[in-house]
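[1] Provided below are the primary sequence and the corresponding predicted coordinates.
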Amino acid sequence: MKPCFGFLAAPTLLTAFLLTTVPTHAEDLPQHGPAIVPAYMEHSVRPGDEFYLYANGTWEKKTQMRPDRAFESPASDIYDQHEQKLQDLIQNAAKAQDANSRRIADLYRSFMDEAAIETAGIKPLEAQLKAIAAIRDKRQLSGALGKTLRADVDALNMTNFHTDNLFGLWVAPGFDDSEHYHAYLMQGGIVLPDREYYLSDSDAMKEIRTKYQEHIATILKLAAFENAEKRAARIIALEHAIAETHWSLADDNDVHKANNIWKPADFASKAPGLDWAEYFRAAGLNKQASFYVWQSSAFTGESALVASIPLEDWKDWLAFHALERYASVLPKAFADEEFAFWGKTLNGVSVEQPRWRRGVSVVDGHLPSELGRLYVQRYFPPEVKAQVQAMVSNLIAVYRQRLESITWMAPTTKTQAIAKLETLYVGIGYPDRWEEENYEVKPDDIVGNLWRSREAKYERERGLIGTVVDDKRWCMSPQTINAVNLPLQNSLNFPAAILQAPSFDAHAPAAANYGAIGAVIGHEISHTFDSEGSAFDSKGRLRNWWTKDDFAHFNAVAARLVAQYDAYKPFPDLALNGKQTLAENIADDAGLAAAYDAYKASLKGQAAPEQNGFNGDQQFYIAFAQSWAAKLRDSALRNEVMTDTHSPDHWRVFEVRNQDEWYEAFDVKPDEKLYLAPNDRVQIW
Ligand SMILES: [Zn+2]
């Protein structure tokens, strides 16, 4: 489960403009391809002391962070080119006559036409703001909250637990009925990325809160609200109260805590406060027989706040959230304030991305399938699909062998694990069936376009509830540079865009391809069996298919991995959270080990060719480390440590410590900092 790259994936609505692109500018350095690049390495560092810097130290030293970026990587030029490719597709669409091309071109134009945006002012939001102002009582408030429900969260595939609406809807196969789509409801209501931003005592978080309160007041003032400061104080107080009811990210990731089936009548008794009948009526869910309530106590807490907090505070909260959600596409004064807060304060970026790049992310985010069709036609040759398919087959064969030879797993568990491997759907490049994106796109109405896009997505997902599951449905667009495991469907998606340099190159040595994309494929397959994958059987049902002893062994091994990552400290006052990142760290551990075996198998007994004086095994591990080279601004790194279920890239590389073959490849000695005694190395599968 989860996209394999944390920071690249699924930016929230509010940060979408800032973080979707992750390029780099590496002066004097060769462009990074999948073959290893000796010029990035720092030979004065011993590989056993700091393997990330050994592989990437010179790149790290020479790379300047560009002012409009929160993140740099050696692949930045490639990411830049990728965006350029998407822009080309959009511009060519403007010349085409068919309806799909027209919509792509019109959506882009509606974002790029700053003069029209300036002229419209906040008029496109006036009807919404008036409706909020007209709310007379808590029953009407409940209806207004129901109307905001959107399909904007995703617990297990994209792992996006954030929505600024009171709650979020995720439509997916049921925990107990994997044959049909069900409705999952998730906590929401805060604008900052996570509860910790409201609750943490750290000075960095306190400062962000102060600036956030100023930001709320500024946005309200721009929209001509009176007493903006007082309203801002009440809005942040309400969000603070909501945050106190929220679950932590570590708890969100525990599916066993999430398996709470509530019937409509249960809401009033288990979570009194909100007028649930009115809420569900407004959301179009009043006929729904049951829901999975992901964070049950947060629903109880948030609903109680609807009763206890004054109506006027809730109305201010609704109005501010409506403005905040669209401020990036409102007139310049709003958009500049958005960047000042989200770009500068929250991510430390001093210069905004050029408008065309933000326009590309708007199209990418709101017409992903239509843009994807064009992308695949132009940039995804069938030969690449065939080659990657062969690598996937090798990886699956390795996993089968590894599962068969595990001594700690009971035979019944092994049989079921292998059944899971055999029924796994691996989507490569693009889906067989494209998603419908039916909504009206107008060339001069960006706010309306985004509104209709979100509404159409909600209606599409709502319409799926109760219907038969399509196990081959994708959750990522082909032009996304990422990969994902979908546990409830027992499937993987490898979009076309990740099957290019720097992750994969048809002409690179096998060592480099297996160290880069091979480890990613291995990572995704591992999720099928890991701490959460073990909770879902070969049909995607939430069913414990492990024995007690299997779990006891697994948990003991996992605890050692938690301790290993808890000990990494990117900042003196902030360590990684080994529990929050456990499933991803296990996937890195297992994925790297499996990719190594598959690499060796691909050699078919032949010796690997040397490259720049490195033997095949050395190339494999250096390619792995170089594929994670990345520089982040401190504020962005803090954000990642607190809110991401992945370890930051630098620390993902330290996974090599758990691989016996890495010690041999670099002759790592006990006095070196990353050295672990053989018994302390964690091997899961
Ligand atoms: Zn992952």
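    That came through fine. Residues are numbered from 1 along each chain as shown.
[2] where does the stretch 501-650 of the chain dip in pLDDT?
    Where the stretch 501-650 of the chain drops to pLDDT under 70, the residues are 531.
[3] List, one by one, the residues from it near the ion.
    For the stretch 501-650 of the chain, the residues in contact with the ion (C-beta under 5 Å from the ion) are 584, 587. All C-beta spots, glycine's among them, are computed from the backbone N, C-alpha and C.
[4] so where do the helices sit in the stretch 501-650 of the chain?
    Taking DSSP state H, counting those that start in this stretch as the test, the helices found in the stretch 501-650 of the chain are 510-513, 519-527, 548-566, 582-602, 616-627, 634-643, 649-652.
[5] you'd agree Ala511 is up against Phe620?
    Yes - taking C-beta atoms under 8 Å as the definition, Ala511 is a contact partner of Phe620 at 4.5 Å.
[6] Show me whatever sits in contact with both of these two.
    Tyr599 (C-beta atoms under 8 Å, 6 or more residues apart in numbering).
[7] Let's have the helices of the stretch 501-650 of the chain in a markdown table, adding mean neighbour count.
    As requested, the helices of the stretch 501-650 of the chain are arranged in a markdown table below (neighbours: other C-beta atoms under 10 Å):
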| stretch | mean neighbour count |
| --- | --- |
| helix 510-513 | 26 |
| helix 519-527 | 28 |
| helix 548-566 | 16 |
| helix 582-602 | 25 |
| helix 616-627 | 26 |
| helix 634-643 | 20 |
| helix 649-652 | 23 |
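[8] Let's have those helices in CSV, adding distance to Leu542.
    Shown next, in CSV, are these (distance: least, C-beta to C-beta, whole Å):
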stretch, distance to Leu542
helix 510-513, 35
helix 519-527, 15
helix 548-566, 15
helix 582-602, 15
helix 616-627, 33
helix 634-643, 25
helix 649-652, 28
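[9] Would you point out the helix or strand in the protein whose mean pLDDT is lowest?
    In the chain, no helix or strand scores lower on mean pLDDT, DSSP states H and E than helix 16-19, which sits at a mean of 32.
[10] For Tyr181, give me the backbone phi and psi.
    Note on Tyr181: backbone dihedrals following degrees, to the nearest 10 are phi -80, psi 140.
[11] and the closest residue to Tyr181 other than its chain neighbours, how many neighbours?
    Leaving aside its chain neighbours, Tyr181 sits nearest to Leu464 (4.5 Å; criterion: C-beta to C-beta, 6 or more residues apart in numbering). Leu464 is flanked by 19 other residues according to other C-beta atoms under 10 Å.
[12] so Leu464 makes contact with Val171?
    Yes - the pair Leu464 and Val171 passes the contact test of C-beta under 8 Å, sitting 5.2 Å apart.
[13] joint contacts of these two?
    Shared contacts of Leu464 and Val171, defined by C-beta under 8 Å, 6+ apart, are found at Tyr181.
[14] so what's the residue nearest to Leu249 when sequence neighbours are not counted up against?
    Nearest residue to Leu249 in three dimensions, chain neighbours excluded: Gln580, at 5.4 Å (C-beta to C-beta, 6+ apart). By C-beta under 8 Å, 6+ apart, Gln580 lies in contact with 248-250, 253, 645.
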